[in-house]
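[1] Compute the structure for the input listed below.
(one chain, ligands or ions: 2)
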Amino acid sequence: MSTDPAIELPYYHGSITRRDAERELVLADSVDGLFLLRQCMRSLGGYVLSLTYEEKFHHYPIEKHLNGTYSIVGSKPHCGPAELCEFLSREPDGLPCTLKKPCQRAADTPVKKGLFDSLRENMLREYVKQTWNLEEAEDIEQAVISHAPQLEKLMATTAHEKMAWYHGKISRQEGERRLYAGAKTDGKFLVRDSEAGTFALSMVYGKMVYHYRINHEKSGKYSIPEGTKFDTVWQLVQYLKMKPAGLMTNLGEECSNGMMAASSKTTISHLHFACFLWEYHGFVLLASATLKPSMSQSADSQLLPMDCSGFVNTYHDPKDLKKFFINRDQLVMDEVELGSGNFGCVKKGVLKTTEDDEKGQIDVAIKVLKNENESLVKDEMMREAEIMHQLSNAFIVRMLGLCQAESLMLVMEMASAGPLNKFLQSNKSTVSMEGIVRLMHQVSMGMKYLEEKNFVHRDLAARNVLLVNQNFAKISDFGLSKALGADDKYYKARTTGKWPLKWYAPECISFHKFSSKSDVWSFGVTMWEAFSYGGKPYRKMNGIQVCEYLKGGNRMECPSQCPEQMYMLMMKCWTYKHEDRPDFKQVEGSMRAYYYSICNKPQPGEEAAEPIK
Ligand code: ADP
Ligand code: MG
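    Ligands and ions are numbered 1, 2, ... in the order given. Got it, this is the predicted structure:
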């Protein structure tokens, strides 16, 4: 897990030493302009550019600034390491020559991880575990992977809540009382919530207490009026400890809130360590447009998957696994129909899991079989239920049970924002490209899980990706799915049926062979649908025409707003021969790398802040 924006660059070698870098350059043949990028061992988030010129090696540290830009010390800033290298391949900008030839990492060598990578991972894991009370390692893992960039920002913007100097909602008088208790040294301080809805800083100076308002601007930045602006409250405090910046004196002793619970101590020491690193090395987790503290986090569009009931592993109690059947009296069925098909319809409902209270009520979707249907259809639904029952992943719709009453009913958790294609068609203006990348990354995580468990979906399409909300996608509709035997590479269908041909790989149509690789093809089509905001693939063509079109080497064009890297991935998913097609492990890796890289870019229009020196 890494949010390193250089991770996908072929000439990025990760955390290797200067000596190793020079060895790589020699091995690759020492021509002028040969270069590689490596992680800076001294600064978190920074890099070093190593370059060969006139048979000598030159090493240039690249700093990451507060506003998310990168630059070689004293040179022009760029929005990412790739952009910086690209620029230097055109203009030397102070180097002895332009970058001419990338020294690439050997294909079988992974990017070497650094000390800080694992530190950051552990901090994120601990934060997720504590904030959302997650117990299962798998749940924590899924949460961290799918939301690392947002979590880092959230961690930074809420870090003050874990600090001893933060006293929360206390009055000005109470603040004074706490500061006057004990020694009244100059600079002793605390931060509290102010009546005006932002924060206030209270500080002792000359046996008096002074109060300063902390401004919280529309842009999300914090500042003491007229002073330097910061993305988080703790950065402001750290800064004021070093410079008075308009206050009577530097901040000194922390007036402790006395609330340091023993259990959260590890987090606090981590956070202090993190502040230290971030501050002195210029690596900063910023509150960006996606997670500004000024925006109410309860607003639906800001909800993280972990805030929803459907995130956690509902089967973590092994006893629950046995509860396959649900009693009819536990179910309340609504008249509202969510969707329908040949089998019958899907209705909204409520499942009562405990006797009385409201907490034990879960919103559910109930797939109801039409009564008149015969045993064939019933068998199909039983098979769908058996498959779903074996799956437990945050990005797959969970089955809660089967109910046999007036008809056979499959009870699933509710994904109330509905199918992805419809959602995108009607929310074009509010869903960003970044949002689509995030959702499709989640789909790739769910599919990677299916691949690992040896299940083939066989009906992956945007209509079968359901949304819990704008930030949370789940794969659904296991009506055609199959569990492969441990040694099987594919499922061979004996007969054809009502098949979604436009989503099917060539080997499905020609040889009726279905594997995770053919699901990868469908994932490519699903990506195309998503990036065209719910467009119809191969418009105006029928299934037969599509087969001919593909055989002729044609592929769908790039949707108008789709990022180039995402189109390249789609094209890889549409590799004709399944042997040469990537698997979901690779697809998820590429989706993740791209998703993290765009989250790390400064947001357009975000004003540049001065790096803390
Ligand atoms: P079909 O095999 O007919 O495609 P689906 O399982 O895809 O059946 O369900 C049909 C429709 O019912 C979906 O497109 C969706 O609108 C609705 N639906 C199904 N499951 C859920 C769910 N868990 N939450 C919300 N809506 C659902
Ligand atoms: Mg469907």
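[2] Would you tell me which helix is longest in the chain?
    If you go by DSSP state H, the chain has its longest helix at helix 137-158.
[3] helices or strands up against that helix?
    Identification of packing neighbours for helix 137-158 by 3 or more Cβ pairs under 8 Å, 6 or more residues apart in numbering; DSSP states H and E yields helix 115-132, helix 433-452, helix 584-599. Every C-beta, even on glycine, is put in place using the N, C-alpha and C of the backbone.
[4] Mean pLDDT, mean neighbour count and distance to ligand 2 added to the ones you listed, as a markdown table?
    Formatted as a markdown table, the helices and strands packed on helix 137-158 follow (pLDDT from 0 to 100; neighbours: other Cβ atoms under 10 Å; distance: least, Cβ to the ion, whole Å):
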| stretch | mean pLDDT | mean neighbour count | distance to ligand 2 |
| --- | --- | --- | --- |
| helix 115-132 | 82 | 18 | 30 |
| helix 433-452 | 97 | 22 | 14 |
| helix 584-599 | 93 | 21 | 20 |
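[5] Show me which positions of stretch 227-247 end up buried.
    Buried positions in stretch 227-247, judged by neighbour count with 16 or more other Cβ atoms under 10 Å: 227-240, 247.
[6] which two in those residues are spaced the farthest apart?
    231 and 247 (19.8 Å; Cβ to Cβ).
[7] before we move on, the earlier item: so which of the buried residues of stretch 227-247 are also by ligand 2?
    Applying Cβ under 5 Å from the ion, the subset of those adjacent to ligand 2 is empty.
[8] Could you list which of the residues you listed belong to helices?
    Among the buried residues of stretch 227-247, the members found in helices (DSSP H) are 233, 234, 235, 236, 237, 238, 239, 240.
[9] Apart from its neighbours in sequence, what residue is nearest the fourth one?
    Think residue 236. What sits nearest to residue 236 in space, not counting adjacent residues and going by Cβ to Cβ, 6 or more residues apart in numbering, is residue 230, at 4.3 Å.
[10] Repeat that for the last one.
    By the measure of Cβ to Cβ, 6+ apart, the closest residue to residue 240 outside its immediate chain neighbours is residue 251, 4.6 Å from it.
[11] Spell out, range by range, the strands that occur in the stretch 301-450 of the chain.
    Secondary structure of the stretch 301-450 of the chain (DSSP state E, counting those that start in this stretch): strands at 331-341, 344-352, 361-369, 399-404, 408-413, 418-419.
[12] and ligand 1, which of those is closest to it?
    strand 331-341 (2.4 Å; Cβ to the nearest ligand atom).
[13] what lines up beside the closest one in the sheet?
    strand 344-352 (antiparallel) (DSSP bridges).
[14] Can the strand it pairs with be said to contact ligand 2?
    No - contact of strand 344-352 with ligand 2 (Cβ under 5 Å from the ion) is absent, the minimum separation being 9.3 Å.
[15] what's the closest of the ones in helices among the buried residues of stretch 227-247 to residue 109?
    For these, with residue 109 as the reference and Cβ to Cβ as the criterion, the closest is residue 235, at 36.6 Å.
[16] Close to ligand 1: what parts of the chain are there?
    For the chain, the residues in contact with ligand 1 (Cβ under 6 Å from any ligand atom) are 338-339, 341, 346, 365, 397, 412, 414-415, 418-419, 463-464, 466, 476-477, 479.
[17] which of these are buried?
    For these, a burial check counting by 16+ other Cβ under 10 Å picks out 338, 346, 365, 397, 412, 414-415, 419, 463-464, 466, 476-477, 479.
[18] which two from these end up farthest apart in space?
    Maximum distance among these (Cβ to Cβ): 18.3 Å, for 414 and 479.
[19] gap between residue 387 and residue 454?
    Counting by Cβ to Cβ, to the nearest Å, the gap from residue 387 to residue 454 is 12 Å.
[20] out of these two, which sits in the busier spot?
    When residue 387 and residue 454 are compared for neighbours, residue 387 comes out ahead with 19 against 16, by other Cβ atoms under 10 Å.
[21] That one contacts residue 478, correct?
    Yes - in terms of Cβ atoms under 8 Å, residue 387 counts as a neighbour of residue 478; the distance is 4.7 Å.
[22] check contacts around residue 476.
    Going by Cβ atoms under 8 Å, 6 or more residues apart in numbering, residue 476 touches 396, 397, 412, 415, 464, 465, 466.
[23] nearest spatial neighbour of it, skipping sequence neighbours?
    Nearest to residue 476 is residue 397, by Cβ to Cβ, 6+ apart, at 4.1 Å.
[24] about what we covered before: now the phi/psi pair for the residue nearest to residue 240, please.
    Phi and psi for residue 251, reported as degrees, to the nearest 10, are phi -70, psi 140.
[25] Near it, how many other residues are there?
    With neighbours defined by other Cβ under 10 Å, the count for residue 251 comes to 24.
[26] which ones are touching the residue nearest to residue 81 when sequence neighbours are not counted?
    Distances taken as Cβ to Cβ, 6+ apart put residue 6 closest to residue 81, at 4.4 Å, once the chain neighbours are dropped. The neighbourhood of residue 6, defined by Cβ under 8 Å, 6+ apart, consists of 12, 37, 39, 47, 80, 81, 82.
[27] Skipping adjacent residues, who's closest to the last one in space?
    Here the nearest residue to residue 82 in space, its sequence neighbours aside, is residue 9; by Cβ to Cβ, 6+ apart that works out to 5.8 Å.
[28] I figured the one you found hits residue 38, correct?
    No - the criterion here is Cβ under 8 Å, and residue 9 misses it with residue 38 at 10.9 Å.
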